[in-house]
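Engineer: Sequence unavailable; structure follows:
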DNA sequence: CGGTCATGTCGAAAATGTTTCGATGAGCTG
DNA sequence: CAGCTCATCGAAACATTTTCGACATGACCG
């Protein structure tokens, strides 16, 4: 059949099917008043004629969305990221779709579905990527931005983080400057890049000061309250217990606080604690938590803007951006007690 | 202006603007061959006539979305709601777009924009509605579900809450059963329906037990840490200070805890505290907070499913649904100290 | 058996919105 | 002033959806 110069319309299909235009329209819209026989006839002819919906109507102004995906249940950290992304999205007229990663079946199909649903980009927070996923997303033309990725795959992906090394350094220096020498580090997953950087910052500060990292002083686990409590208990029960603990995140710090209280230790008189993140809970503890502020809202905002630039086809300046951390001194740190 | 029985069409607007249908169509589609004067004239008339795009065409294949709007910065409470809505959305194949309410300019235009962007419904959390807003949303055919609304407008809107009265009752009864008689209530905004219900539950329990509500024992403010600390301080400095405090939410409870600690009071030995919500922070305090669990995740999920039913044109069983609250006893409450 | 009624299919015509293309007139140029 | 260009606008053609009535069919009833 000679390809007609003009695109097929309902009229074309209707004529070749021997039905009215209205009937073809009904088939397209899944109306009920079409007999199954007619329906399937029309459908096959629609395919034969390569019928495609006409004029993609008015592109609605606010349709664009970006998917913000978390790896696990939301917590205080997630909340700050969401807040930042939502605020930046509002400025750009972009909606933020929050999702929680579940058993990822087929990445390729999933990515295509997201694109079809209008997502302009995907921001994955603290996620673990298999090596094939960036490729699948690229095939679907879905830009990817990572926030605090657990692992960095070999392929070039864009990621946002903060100066974890500097943060770990300054937290530890703060404790050292208060006279502490026996300082422990209770961190997160050993494989996580951000955890490693914080740990190295801690080690660097200790080494520079000539303070020894005693055996059992470096712990890992998850960035969760219960891990903090368990690791805190273990460290405090050491024969040479520390006088200060640097926790890998605020939630862990709160767990450490609880372990300390259970042992009758006063904070900060008997034990100093520094957290990391400066989420809302850092201000709710008693005493308020000294912590390394990670600009989580800004990170959410930067991730969104970066994602939009990628979606617009622009090049980004750098594959990895780190925002500055900052030590926030509150009430959970004090000079080392007289008798260590 | 009398609402016409039929929806406004391009022809309606064109007639009232004194231009052709084609011109109005061009304005809608942002074509260039319309003079600025005509364009703005038509645009204002489009608004006046509440023109909404007709037949939502064959729906795009992708996932539909529902807007989840918060009234202020996100906190632990918001996080639970988001989590519940996202989980329920994943099951239904619906994306959750989180947004934070900002200076709402023109509700009507905003609602239309949401519809155009593919939102199936709007869930507003703890928001304050002006009386015109439900009408504007209805005109745009955007179903509305409220979670814990501050005020209920006269018009019928669908809302989700929890049994605040029963929660206030059981929290207070718990304290009474521990022997407390001097119990204060530190709540949220006086006008908020949920706050009033909790307060009345408190009063009912006190009255049933014959325990007097002493002067100054009922405080209001916002549901925030600092309000809790300020009101807690005020109550604890009364000549007849309470032996127990029922706080209107967990964050306020944490503020009260801090005020108590600043006065050298031990919790729970010297002062019992009960919170409300059972957000994540209730488990992070020291001691862990006794609180009234509000099923926030379930509320988020129910709100989403209700919104989807409304969007599908189904009737909902009831305009207001309340999920059950439940007292969760942890470590912040204890029998009244020997010498009241 | 004939009449009536409900139901399922279908299309003509009306409605709605978009696009094309020619008409109009203002402003500019020579 | 003739002639040209260009922005603006609407009539008409188009594409699609919706409404409503027509028709056939079969069930049910007297």
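Structural biologist: Yep, it's here. Bear in mind the structure is a predicted one, so any value in this text is a computation, not a measurement. Residues are numbered from 1 along each chain as shown, chains lettered A, B, ... in the order given.

Engineer: those strands in the stretch 151-300 of chain A, which residues are they?
Structural biologist: In the stretch 151-300 of chain A, the strands defined using DSSP state E, counting those that start in this stretch lie at A:158-162, A:183-186, A:218-219, A:244-247, A:272-277, A:290-293.

Engineer: DNA strand D: which of the ones you listed is closest?
Structural biologist: Of all the strands of the stretch 151-300 of chain A, strand A:158-162 sits nearest to DNA strand D, with 39.4 Å by Cβ to the nearest atom of the strand. Bear in mind the C-beta positions are built from the backbone N, C-alpha and C, glycine included.

Engineer: quick one on the thing from earlier: can you list the strands of the stretch 151-300 of chain A in TSV and add mean pLDDT, mean neighbour count and distance to chain B?
Structural biologist: Formatted as TSV, the strands of the stretch 151-300 of chain A follow (pLDDT from 0 to 100; neighbours: other Cβ atoms under 10 Å in any protein chain shown; distance: least, Cβ to the nearest Cβ, whole Å):
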stretch	mean pLDDT	mean neighbour count	distance to chain B
strand A:158-162	92	23	19
strand A:183-186	97	27	16
strand A:218-219	96	20	19
strand A:244-247	98	31	13
strand A:272-277	97	29	12
strand A:290-293	97	26	14
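
Engineer: how's chain A carved up into domains?
Structural biologist: Per automatic domain parsing, the structural domains of chain A span A:1-57, A:65-162+A:296-323, A:164-294.

Engineer: So which of these is nearest DNA strand C?
Structural biologist: The closest of the domains of chain A to DNA strand C is domain A:1-57. By Cβ to the nearest atom of the strand, the value is 3.3 Å.

Engineer: Can the closest one be said to contact DNA strand D?
Structural biologist: Yes. Interface with DNA strand D: domain A:1-57 contributes A:6, A:9-11, A:21-22, A:25-26, A:28-29, A:31, A:33, A:53-54 (Cβ under 7 Å from any atom of the strand).

Engineer: Nearest to the middle of chain A, which residue? Look it up for me.
Structural biologist: residue A:125 (1.2 Å; Cα atoms, centre = their mean).

Engineer: ok, that residue touching residue A:72?
Structural biologist: No. Under the criterion of Cβ atoms under 8 Å, residue A:125 makes no contact with residue A:72, lying 9.6 Å away.

Engineer: could you point out which element follows the lowest-mean-pLDDT helix or strand in chain A?
Structural biologist: The least trusted helix or strand in chain A, going by mean pLDDT, DSSP states H and E, turns out to be helix A:107-116, with a mean of 77. Per DSSP states H and E, the first helix or strand lying C-terminal to helix A:107-116 is strand A:119-125.

Engineer: neighbouring strands for that following strand, and are they parallel or not?
Structural biologist: With DSSP bridges as the test, strand A:119-125 is paired with strand A:65-70 (parallel), strand A:144-147 (parallel).

Engineer: contacts for it?
Structural biologist: For strand A:119-125, contacts defined as Cβ atoms under 8 Å, 6 or more residues apart in numbering or on different chains pick out A:64-71, A:78, A:81, A:85, A:94, A:97, A:101, A:111, A:114, A:137, A:142-149, A:303-304, A:307-308, A:310-311.

Engineer: and those, which are buried?
Structural biologist: A:64-70, A:78, A:81, A:85, A:94, A:97, A:111, A:114, A:137, A:142-149, A:303-304, A:307-308, A:310-311 (16 or more other Cβ atoms under 10 Å in any protein chain shown).

Engineer: The residues you listed also near DNA strand C: which ones?
Structural biologist: Counting by Cβ under 7 Å from any atom of the strand, nothing from the buried ones among the contacts of strand A:119-125 sits close to DNA strand C.

Engineer: Report the angle between the host helix or strand of residue A:96 and strand B:94-100.
Structural biologist: Following DSSP H and E, one finds residue A:96 within strand A:95-100. Going by axes from the mean of the first three to the mean of the last three Cα atoms, to 10 degrees, strand A:95-100 is angled at 120 degrees with respect to strand B:94-100.

Engineer: on contacts alone, who are the packing partners of strand A:95-100?
Structural biologist: Contacts defined by 3 or more Cβ pairs under 8 Å, 6 or more residues apart in numbering or on different chains; DSSP states H and E place strand A:95-100 against strand A:65-70, helix A:76-92, strand B:64-70, helix B:76-92, strand B:94-100.

Engineer: Those residues of chain A touching DNA strand D, which are they?
Structural biologist: Counting by Cβ under 7 Å from any atom of the strand, chain A comes close to DNA strand D at A:6, A:9-11, A:21-22, A:25-26, A:28-29, A:31, A:33, A:53-54.

Engineer: out of these, which is most surrounded?
Structural biologist: In terms of neighbours by other Cβ atoms under 10 Å in any protein chain shown, these top out with residue A:10 at 20 neighbours.

Engineer: Was I right to think it contacts residue A:25?
Structural biologist: Yes. Assessed by Cβ under 8 Å, residue A:10 is found in contact with residue A:25 at 5.9 Å.

Engineer: what does the stretch 1-150 of chain A put close to DNA strand C?
Structural biologist: Counting by Cβ under 7 Å from any atom of the strand, the stretch 1-150 of chain A comes close to DNA strand C at A:18-23, A:32-39, A:55, A:57-58.

Engineer: filter those residues to the buried ones?
Structural biologist: Buried members of these, scored by 16+ other Cβ under 10 Å, are A:19, A:23, A:34, A:38, A:39.

Engineer: Helix, strand or coil: sort out the second one for me.
Structural biologist: When states are read from DSSP: H, G, I helix; E, B strand; the rest coil, the local structure at residue A:23 comes out as helix.

Engineer: Tell me which two in the residues of chain A next to DNA strand D are the farthest apart.
Structural biologist: Distance extremes for those: the farthest pair is A:6 and A:33 at 29.4 Å, using Cβ to Cβ.

Engineer: and the least confident helix or strand of chain A with strand A:95-100, angle?
Structural biologist: Using the same axes, to 10 degrees: helix A:107-116 against strand A:95-100 is 150 degrees.

Engineer: Name all residues that make contact with the residue nearest to residue A:261 when sequence neighbours are not counted.
Structural biologist: Nearest residue to residue A:261 in three dimensions, chain neighbours excluded: residue B:286, at 5.4 Å (Cβ to Cβ, 6 or more residues apart in numbering or on different chains). With contacts defined as Cβ under 8 Å, 6+ apart, residue B:286 is in contact with A:257, A:258, A:261, A:285, A:286.

Engineer: wait, isn't the second one in contact with residue A:231?
Structural biologist: No. In terms of Cβ under 8 Å, residue A:258 does not count as a neighbour of residue A:231; the distance is 11.7 Å.

Engineer: which residues does residue A:98 contact?
Structural biologist: Taking Cβ under 8 Å, 6+ apart, we find residue A:98 in contact with A:68, A:70, A:82, B:82, B:86, B:96, B:97, B:98.

Engineer: The closest residue to residue A:219 other than its chain neighbours: how many residues sit nearby?
Structural biologist: Leaving aside its sequence neighbours, residue A:219 sits nearest to residue A:231 (Cβ to Cβ, 6+ apart; 4.0 Å). Counted with other Cβ under 10 Å, the neighbours of residue A:231 add up to 25.
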